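>>> please work out how this folds:
(2 chains)
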Number of protein chains: 2
Amino acid sequence: MTNVGIQVKQISKHYRHRDALKGVSLNFAPGKIYGLLGRNGAGKSTLLNIIANRIFASSGEITFDGVAFKNNDQALGQCYLMSEVNLYPDGDKLSRLFQNTELFYGSFDYAYAHRLARKFELDLHQKFGKLSTGYRSIFKLIVALASPTRYVFFDEPVLGLDANHRELFYRELVDNYAKTNRTFVISTHLIEEIAAMVEHVFIIKSGELIVDDEVEHLLTQGYLITGTKADVQAYCQGMKVLGHENLGSLYGCYVLLEDGTLPATPANITTERLDLQRLFVQLTNIDEEELDA
Amino acid sequence: MTNVGIQVKQISKHYRHRDALKGVSLNFAPGKIYGLLGRNGAGKSTLLNIIANRIFASSGEITFDGVAFKNNDQALGQCYLMSEVNLYPDGDKLSRLFQNTELFYGSFDYAYAHRLARKFELDLHQKFGKLSTGYRSIFKLIVALASPTRYVFFDEPVLGLDANHRELFYRELVDNYAKTNRTFVISTHLIEEIAAMVEHVFIIKSGELIVDDEVEHLLTQGYLITGTKADVQAYCQGMKVLGHENLGSLYGCYVLLEDGTLPATPANITTERLDLQRLFVQLTNIDEEELDA
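From the prediction side, this is the model:
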């Protein structure tokens, strides 16, 4: 059953002055929560917009349960993309915009959407154009959660949300997932906040996929090694070094171990696991040689 | 020397349909890093805009080293506010905008600003209007850091920044603080990311100041108490309860202890300290009775 779900095959997107995506291949399986991570400008939104049919790939193919995505209305009707772009007319009332979603996707859980609006303290009698950045995000989150599609993509879902509303959104997302078992794909810069609920992570760097891994497995690979510079460099010999840092008289080295096992640690060396955000930063930082060029 | 620094005295701001600030009093002392926290719409930006003389208070007074702030050009020249509002003409080149800052504030550290631009990979030949949300924030951060004022206020400094750029900003801020020992005030929704560098925290809720405390002291007061509902309720009798949660068959209670000492803990109860963001969420959540009304 390898052709179940959404399969992205060798997708590239060329603009006049740059390549936004360079042959990206990955799969979104049914019933899973994914993190799609990357720095600003790495190509995440481009990929999501291609999947949602808002822009077209220069080359490559996407299939849905084995069938080509292009001109496949049934497949498109199973994918909802919540993004920074505001697709709604400023003058329309929020409650009315729910109906548009129902028209397009065939159904919409009004009762659930109203419960969510109440929890987020969003007044549905307002017009979309009157909302602040934070409340625009909240409205779009509610529409996404109450939509009936089997795949929901979130592009920067919590932009402008305060800590309380972010916590509420994460809780509702997990609750929704427990009930529907559909697929959620979350693209965000607040990596540590989603680390615990994401099962699988994709990292895109400069248009290329550099990580395609279960979060649990990825986290076994990243370490910070600390000690004197000479000791650390000797210990890290032959390891894949992601970056380093001077910490006063100490020296720290970030490493990625393919098999996750550190060699025996001498007394003058300390090692610690990296959390997902710190590992991401090290994996996607520009190379120092590049910076010095 | 209680009149050194910026003293905000009983500041209120009334709009037609609501009170944005209700008699807020607080002090910003020289050479300290402050966190100014609150939910969306709590009144943080209103307060910062009043201090920066962009809007006027309905009542109350602000003094700078004991002298009234109003019409006090010298005091205003010592305060820089970096905010979400874009004050720059879209058609102006970034390098040229540095000069405007120098004109207003009397000096500007061009060499430092150029070093920062290089670290953030910001091309200064671009026009302001061409920048993405993230890079607008970055440009404004650079101007704020390279400005010569004794007080710098940041309103949502990291909006749209990826994790790498946020980390770089925090590092540069601490580095700048170590060199200049001026006062930084940071208003942000990413509370946990600034918790370690902020010394003192103000929390505003619905226009009122509810916390004015050293971070270290505040963090000794917040606890999550877990156990069966009956056990937890018996243990928490007489404590200030901020909120509660059902965790499967368990029950959790968030409490704030004025003197920070828990009574002896029975075996069937577990207690844990709250980090700043979790404590903030509990302190600023709407009351459940309000929600049910």
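
>>> mind giving me the domain split of chain A?
Listed by automatic domain parsing, the domain ranges of chain A are A:6-217, A:220-292.

>>> distance of A:Ala196 from chain B?
A:Ala196 sits 14 Å away from chain B, going by Cβ to the nearest Cβ, to the nearest Å. Any C-beta I mention is one placed from the backbone N, CA and C, and that applies to glycine too.

>>> ok, that residue to A:Val24 distance?
Using Cβ to Cβ, to the nearest Å, A:Ala196 is found at 26 Å from A:Val24.

>>> who's more crowded, the two?
A:Val24 (24 against 10; other Cβ atoms under 10 Å in any protein chain shown).

>>> quick one: which helix or strand includes that one?
strand A:19-28 (DSSP states H and E).

>>> phi first, then psi, for the closest residue in space to A:Phe128 that isn't next to it in sequence.
Distances taken as Cβ to Cβ, 6 or more residues apart in numbering or on different chains put A:Tyr88 closest to A:Phe128, at 4.5 Å, once the chain neighbours are dropped. Dihedral angles of A:Tyr88 (phi, psi; degrees, to the nearest 10) stand at phi -100, psi 140.

>>> surely A:Tyr88 touches A:Leu97?
Yes. In this structure, A:Tyr88 is within contact of A:Leu97 by Cβ atoms under 8 Å, at 5.6 Å.

>>> anything in contact with each of these two?
Listed contacts common to A:Tyr88 and A:Leu97 are A:Phe128; contacts here mean Cβ atoms under 8 Å, 6 or more residues apart in numbering or on different chains.

>>> and for the residue lying closest to A:Tyr251 once chain neighbours are set aside, the neighbour number?
With sequence-adjacent residues excluded and distances taken as Cβ to Cβ, 6+ apart, A:Tyr251 is closest to A:Lys229, at 3.9 Å. The local packing of A:Lys229 (other Cβ under 10 Å) involves 14 other residues.

>>> what does A:His125 give?
Neighbours of A:His125 using other Cβ under 10 Å come to 7.

>>> quick one: contacts for the closest residue in space to it that isn't next to it in sequence?
Distance criterion Cβ to Cβ, 6+ apart; nearest residue to A:His125, sequence neighbours excluded, is A:Lys93 at 6.3 Å. Residues in contact with A:Lys93 (Cβ under 8 Å, 6+ apart) are A:Leu124, A:His125, A:Gln126, A:Lys127, A:Phe128.

>>> phi, psi of the residue nearest to A:Tyr251?
Note on A:Lys229: its backbone torsions stand at phi -60, psi -50 [degrees, to the nearest 10].

>>> how close does it get to chain B?
According to Cβ to the nearest Cβ, A:Lys229 and chain B sit 20 Å apart.

>>> pretty sure A:Ser147 sits against A:Tyr105.
Yes. Assessed by Cβ under 8 Å, A:Ser147 is found in contact with A:Tyr105 at 5.6 Å.

>>> of these two, who's got more company?
A:Ser147 (22 against 18).

>>> and the stretch 1-150 of chain A, which residues reach chain B?
Applying Cβ under 8 Å from any Cβ of the partner chain, we find that the stretch 1-150 of chain A lies next to chain B at A:Arg39, A:Asn40, A:Gly41, A:Arg118, A:Lys119, A:Glu121, A:Ser132, A:Gly134, A:Tyr135.

>>> next one: the fourth one from B:Arg136, what distance?
The spacing between A:Arg118 and B:Arg136, counted by Cβ to Cβ, is 34 Å.

>>> repeat for the third one
With distances defined as Cβ to Cβ, the gap from A:Gly41 to B:Arg136 amounts to 14 Å.

>>> the helix or strand that contains A:Leu283: which residues count as buried?
In this assignment (DSSP H and E), A:Leu283 forms part of helix A:276-284. Across helix A:276-284, burial judged by 16 or more other Cβ atoms under 10 Å in any protein chain shown covers A:Leu276, A:Gln277, A:Arg278, A:Leu279, A:Phe280, A:Val281, A:Gln282, A:Leu283, A:Thr284.

>>> and for stretch A:239-258?
Buried residues in stretch A:239-258 (16+ other Cβ under 10 Å): A:Met239, A:Val241, A:Leu242, A:His244, A:Tyr251, A:Gly252, A:Cys253, A:Tyr254, A:Val255, A:Leu256.

>>> pull up the distance across it, start to finish.
End-to-end distance for stretch A:239-258, by Cα to Cα, to the nearest Å: 9 Å.

>>> chain center to it, what's the gap?
Centroid separation for stretch A:239-258 versus its chain: 26 Å, with Cα atoms, centre = their mean, to the nearest Å.

>>> just to revisit the earlier point, what's the strand holding A:Val24 in contact with?
For strand A:19-28, the external contacting residues (Cβ under 8 Å, 6+ apart) are A:5-14, A:34, A:43, A:46-47, A:50, A:57, A:60, A:151, A:183, A:185, A:202, A:204, A:206-209, A:212.

>>> tell me, how many residues neighbour the nearest residue to A:Leu257 once chain neighbours are set aside?
Leaving out its chain neighbours, the residue that sits closest to A:Leu257 by Cβ to Cβ, 6+ apart is A:Gln221, at 5.2 Å. Residues contacting A:Gln221 under the criterion other Cβ under 10 Å number 19.

>>> so A:Ile11 sits against A:Leu47, correct?
Yes. Contact criterion Cβ under 8 Å: A:Ile11 and A:Leu47 qualify, at 6.9 Å.

>>> out of those two, which sits in the more crowded spot?
A:Leu47 (30 against 23).

>>> rewinding a little: neighbour-wise, which of A:Arg118 and B:Arg136 wins?
B:Arg136 (18 against 12).

>>> for that one, which non-adjacent residue is spatially closest?
B:Asn86 (6.6 Å).

>>> need the pLDDT of that neighbour.
We have a pLDDT of 75 for B:Asn86.

>>> now swap in the one 3 residues further on and tell me
pLDDT, the model's per-residue confidence, is 85 for B:Pro89.

>>> and it, how far from B:Leu161?
For B:Pro89, the distance to B:Leu161 - Cβ to Cβ - is 23 Å.

>>> likewise A:Tyr235?
A:Tyr235 is 33 Å from B:Leu161, where distance means Cβ to Cβ.

>>> again, but for A:Leu218
Counting by Cβ to Cβ, the gap from A:Leu218 to B:Leu161 is 23 Å.

>>> for A:Phe120, same thing?
Where B:Leu161 is concerned, A:Phe120 sits at a distance of 24 Å (Cβ to Cβ).

>>> good, we can wrap up now.
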